[in-house]
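> predicted model, plus sequence, below.
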Protein chains: 2
Amino acid sequence: MSHKLAYRNLPLLFLRAREELLQHFRPIINHFGLTEQQWRILRAINEVDQLEPRELCEICQILSPSLTGVLSRMEEMGLITRTRMQEDQRRLLIRLTPKAEKLVAELGPLIVEQYHYLEEAFGQELLEELYRVMDKVIAAERAPVRQVKLPERTTAD
Amino acid sequence: MSHKLAYRNLPLLFLRAREELLQHFRPIINHFGLTEQQWRILRAINEVDQLEPRELCEICQILSPSLTGVLSRMEEMGLITRTRMQEDQRRLLIRLTPKAEKLVAELGPLIVEQYHYLEEAFGQELLEELYRVMDKVIAAERAPVRQVKLPERTTAD
DNA sequence: TAGAATTTGCTAATATATTAGCCAGCCAAT
DNA sequence: ATTGGCTGGCTAATATATTAGCAAATTCTA
């Protein structure tokens, strides 16, 4: 047994914290036959009417190859439509169907209500602190992060 | 287009923030032919000599069905061994092979060095704040979170 | 304006995530 | 000893994540 590293696994802590939150939303989302990713997409498009896949990738934190499949399934479910742009035949426009809009109208208030319960248990201060700290991490306003120089591999595969 | 929800998508913010961090570690981990999950497991076992699958599930935030596959592949790669416990034939003990220990000895210092670079760019205060806030979210010391009552589905599948 | 870069969305292959469910081993109460 | 409940790890089926790479459309550049 070697010794522990000097730093606790921070990305893992993020994962646990996220799971702690998501645990309270998952039942709502699943109740309506949606996956987390599908709900992220519905919610994102709902805020702006329409989005292109590459925008959805960035906003919803889903890589392009994954998004292709998610959108296909959502199209089959009758939740979204894909329209190719005339000006640029490469690009697509993703929109919600009336069915999806109805779904968001049902789901949205429940999500908001659950946030209230979270605020009730976590405390408003902690919740605000979370938003604030997350934004700090995500914001690009910082010195660039240096990257460790990778050595030659000595261990065999 | 409906209106936005009252709360920003907090789990999504966690996802983005995590990605922001992980982006700087992924190259290191991949350089040694490991996946994120495999590194989580190596690191966890390395700290305590041996662990059972159910412990790994909780520590590494990996569900049992996923872990089964991850461990199988790691066994094939010669990184871990699976030993069935005599006292309880259901349980397993997962240990690192010398090859894995060597790998951790190479990888660990690079990870630590990268944390230094992160600290350099993010600032020590932010990094400490992150650890503190994550622990607060994960800690079970709080009022139980009430759960929204789910209505009957009105929207067709 | 032809050809080289770039962009956009895609497929393919593999690894992991999620949900449901199974089965052997253990344990407690009969 | 036997039954019923529980636990630990597993399989199966589907969805998503990750990496590599591709083809068509567009843009840039000589």
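Perfect, I can see it now. Numbering: from 1, shown residues only, chains lettered A, B, ... in the order given.
> what's the spacing between A:Leu42 and A:Val70?
11 Å (Cβ to Cβ, to the nearest Å). For glycine as for every other residue, the C-beta is placed from the backbone atoms N, C-alpha and C.
> neighbour count winner among those two?
Neighbours per residue (other Cβ atoms under 10 Å in any protein chain shown) separate A:Leu42 from A:Val70, with A:Leu42 holding more: 24 against 19.
> what kind of secondary structure is that one in?
Each residue gets one of three states, and A:Leu42 gets helix by DSSP: H, G, I helix; E, B strand; the rest coil.
> now A:Arg16: how far from A:Gln23?
With Cβ to Cβ as the criterion, A:Arg16 and A:Gln23 are 11 Å apart.
> which of these two has more neighbours?
Neighbour totals were compared for A:Arg16 and A:Gln23, and A:Arg16 leads with 18 against 12 (other Cβ under 10 Å).
> would you say A:Thr81 is within a strand?
Yes: A:Thr81 sits within a strand when classified using three-state DSSP.
> isn't it right next to A:Lys99, touching?
No: look at A:Thr81 against A:Lys99 with Cβ atoms under 8 Å: they stay out of range, at 10.8 Å.
> number of nearby residues for the residue nearest to A:Cys60 when sequence neighbours are not counted?
Excluding its sequence neighbours, the residue lying closest to A:Cys60 (Cβ to Cβ, 6 or more residues apart in numbering or on different chains) is A:Arg40, at 4.3 Å. Neighbour count for A:Arg40, taken as other Cβ under 10 Å: 22.
> contact residues of chain A facing DNA strand C?
A:26, A:30, A:36, A:52-54, A:64-65, A:67-68, A:71, A:82, A:88, A:90-92 (Cβ under 7 Å from any atom of the strand).
> tell me which of those fall in strands.
Among the residues of chain A next to DNA strand C, the members falling in strands (DSSP state E) are A:82, A:92.
> the spatially closest residue to A:Phe32 that is not a sequence neighbour and B:Lys4, how far apart?
Spatially, and ignoring its direct neighbours in sequence, A:Phe32 is nearest to A:Leu107 (5.6 Å; Cβ to Cβ, 6+ apart). Distance, A:Leu107 to B:Lys4, by Cβ to Cβ: 14 Å.
> comparing these two, which residue is more hemmed in?
Just comparing A:Leu107 and B:Lys4: by other Cβ under 10 Å the higher neighbour count belongs to A:Leu107, 21 against 12.
> next SSE after the host helix or strand of the more buried one?
Assigned by DSSP states H and E, A:Leu107 belongs to helix A:98-122. Next helix or strand after helix A:98-122 toward the C-terminus (DSSP H and E): helix A:124-138.
> C-alpha coordinates for that following helix, PDB please?
Output in PDB follows, covering the C-alpha atoms of helix A:124-138 (Å, rounded to 0.1, in the frame of the first residue of the first chain):
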ATOM      1  CA  GLN A 124     -30.700  29.400   1.000                       C
ATOM      2  CA  GLU A 125     -27.100  30.400   1.900                       C
ATOM      3  CA  LEU A 126     -25.600  27.200   0.800                       C
ATOM      4  CA  LEU A 127     -27.600  27.100  -2.400                       C
ATOM      5  CA  GLU A 128     -26.500  30.600  -3.300                       C
ATOM      6  CA  GLU A 129     -22.900  29.700  -2.400                       C
ATOM      7  CA  LEU A 130     -23.100  26.800  -4.800                       C
ATOM      8  CA  TYR A 131     -24.300  28.800  -7.700                       C
ATOM      9  CA  ARG A 132     -21.600  31.400  -7.000                       C
ATOM     10  CA  VAL A 133     -18.800  28.900  -6.700                       C
ATOM     11  CA  MET A 134     -19.800  26.900  -9.800                       C
ATOM     12  CA  ASP A 135     -19.900  30.100 -11.800                       C
ATOM     13  CA  LYS A 136     -16.400  30.900 -10.600                       C
ATOM     14  CA  VAL A 137     -15.100  27.600 -11.700                       C
ATOM     15  CA  ILE A 138     -16.800  27.800 -15.100                       C
END
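> and the direction of it versus that of helix B:98-122, what angle?
100 degrees (axes from the mean of the first three to the mean of the last three Cα atoms, to 10 degrees).
> which elements pack onto helix A:124-138?
Packing contacts for helix A:124-138, counted by 3 or more Cβ pairs under 8 Å, 6 or more residues apart in numbering or on different chains; DSSP states H and E, involve helix B:10-22, helix B:124-138.
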